[in-house]
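S.K.: mind folding the following:
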Amino acid sequence: MGWRVVVVAGESMTPSLRPGDCLLVRTGARVRTGDVVLARRPHAMDGAESESRLLLVKRVARRVGSGWWLASDNAERGLDDSRSFGAVTDADVLGKVVLRYYPWRRH
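M.R.: Residues are numbered from 1 along each chain as shown. The predicted model follows:
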């Protein structure tokens with residue numbers, strides 16, 4: 001297990017997370033339904049190899065067979081979730097978001 005820092009880029013997780021929010025992710029952590037996770041998009045949008053696949057911050061909606069169904073908190077803004085690419089494998093879930101450390105306060 002380790003740690004990773006990520007910055008939210010889009011609005012798919014508003015109001016929970018907003019663009020510019022800085023997150024601390026525990027890599028290799030056990031995930032459960034309801035957790036917010038960092039995951040690798042299962043299929044590259046441009047046909048690129050797995051190393052360059054887009055990273056996503058999504059909420060775990062449920063376990064589906066041998067994978068996870070990921071959802072955006074803001075369904076209207078976040079169309080790039082399991083509705084468009086299906087369930088992700090355990091290997092594609094890189095870690096669990098444990099802390100939003102910036103900004104400290106929201107107005």
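S.K.: run through the strands of the chain in chain order.
M.R.: Counting by DSSP state E, the chain has strands at residues 2-7, 22-27, 36-40, 55-64, 67-71, 88-89, 93-102.
S.K.: neighbouring contacts of the helix or strand bottoming out on mean pLDDT in the chain?
M.R.: Every helix and strand of the chain was ranked by mean pLDDT, DSSP states H and E. The lowest is helix 82-85, at a mean of 94. Outside helix 82-85, the residues that touch it by CB atoms under 8 Å, 6 or more residues apart in numbering are 41-43, 58, 61, 68-71, 88. (C-beta placed from N, C-alpha, C; glycine too.)
S.K.: check those residues and tell me the two furthest apart.
M.R.: His43 and Ala61 (18.6 Å; CB to CB).
S.K.: follow-up on the earlier one: JSON lines for the strands of the chain, including distance to Leu79?
M.R.: Shown next, in JSON lines, are the strands of the chain (distance: least, CB to CB, whole Å):
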{"stretch": "strand 2-7", "distance to Leu79": "20"}
{"stretch": "strand 22-27", "distance to Leu79": "21"}
{"stretch": "strand 36-40", "distance to Leu79": "16"}
{"stretch": "strand 55-64", "distance to Leu79": "12"}
{"stretch": "strand 67-71", "distance to Leu79": "11"}
{"stretch": "strand 88-89", "distance to Leu79": "16"}
{"stretch": "strand 93-102", "distance to Leu79": "20"}
